[in-house]
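**Student:** what's the 3D shape of this:
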Amino acid sequence: MPSNQTPNYKLNQWSKSDRVQMEDFNADNAKIDAAIKAEATARASAVSTLNNKIAKCGNCKIVYQTYVGDGTYGPDHPKVFTFPSKPLLLILATDKSVAVTTYGSKEFNKIDNASLWTYSITWGQNSFTMMSVNSAGYQYNQLNIQYTVIAFLATD
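**Tutor:** Predicted coordinates for the structure are as follows:
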């Protein structure tokens with residue numbers, strides 16, 4: 001019979017003078033087996049819960065690209081972005097400003113030095129078109145300026 005046990009799982013520990021018996025080893029193996037099973041069950045449950053939560057979040061693909069403005073603007077020169085699938089969220093940025101819009105919105109909001117400007121936009125199945133009558137800068141198409149486009153696309 002063992003004279004001591006481990007603090008966490010109460011597994012047997014023997015001193016030199018203790019008599020070692022098969023039943024003690026079998027009891028320890030049963031405790032270890034139960035602990036491993038409980039851990040595996042808890043992990044499987046956590047993974048299942050996480051997978052269910054992820055499935056409810058929806059899926060999207062993120063596309064990143066850059067372009068250099070050509071200086072054109074207005075109804076005869078709209079800025080058109082085409083993607084492999086439907087854009088859900090579009091972010092345009094320069095080193096000085098950021099503009100954001102979501103699918104279906106009729107306005108494109110540019111945040112620049114605490115100002116908020118509105119643009120005319122239209123959505124296609126896989127595209128986004130922006131137009132401003134004010135200037136190429138307002139249309140995110142100023143000559144020789146580099147622009148960054150980040151689009152979140154539907155995958156379903």
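**Student:** mind listing the strands for the protein?
**Tutor:** 4-5, 12-13, 60-68, 79-82, 87-93, 98-102, 107-112, 115-123, 127-131, 146-154 (DSSP state E).
**Student:** Buried residues in the fourth one, which are they?
**Tutor:** The neighbour-count criterion (16 or more other CB atoms under 10 Å) identifies 79, 81 as the buried residues of strand 79-82. No exception for glycine: its C-beta is placed from N, CA and C like everyone else's.
**Student:** List the contacts of that strand.
**Tutor:** With CB atoms under 8 Å, 6 or more residues apart in numbering as the test, strand 79-82 has contacts from 73, 87, 90, 124, 126-131, 139-141, 149, 151.
**Student:** Looking at the residues you listed, spot the one nearest residue 96.
**Tutor:** Minimum distance to residue 96 across the contacts of strand 79-82 is 11.4 Å, recorded for residue 140 (CB to CB).
**Student:** Check the gap between the closest residue in space to the closest one that isn't next to it in sequence and residue 146 for me.
**Tutor:** In space, and not counting its chain neighbours, residue 140 is closest to residue 92: 5.0 Å by CB to CB, 6 or more residues apart in numbering. According to CB to CB, to the nearest Å, residue 92 stands 11 Å off from residue 146.
**Student:** Looking at those two, which has the bigger crowd around it?
**Tutor:** residue 92 (23 against 12; other CB atoms under 10 Å).
**Student:** list the contacts for the more buried one?
**Tutor:** Shown in contact with residue 92 (CB under 8 Å, 6+ apart): 98-100, 110, 140, 147-149.
**Student:** Kindly state the beta-bridge partners for it.
**Tutor:** Residue 92 forms beta bridges with residue 99, residue 149, as assigned by DSSP bridges.
**Student:** What score does it have for pLDDT?
**Tutor:** Residue 92 is assigned a predicted lDDT (pLDDT) of 88.
**Student:** again, but for residue 55
**Tutor:** The model reports residue 55 with a pLDDT of 64.
**Student:** Please apply the same query to residue 46.
**Tutor:** Looking at residue 46, its pLDDT stands at 77.
**Student:** roughly how far apart are it and residue 37?
**Tutor:** Per CB to CB, residue 46 is found 15 Å from residue 37.
**Student:** got it, and residue 120?
**Tutor:** Noted for residue 120: a distance of 62 Å to residue 37, by CB to CB.
**Student:** what's the answer for residue 85, then?
**Tutor:** Here residue 85 is placed at a distance of 44 Å from residue 37 (CB to CB).
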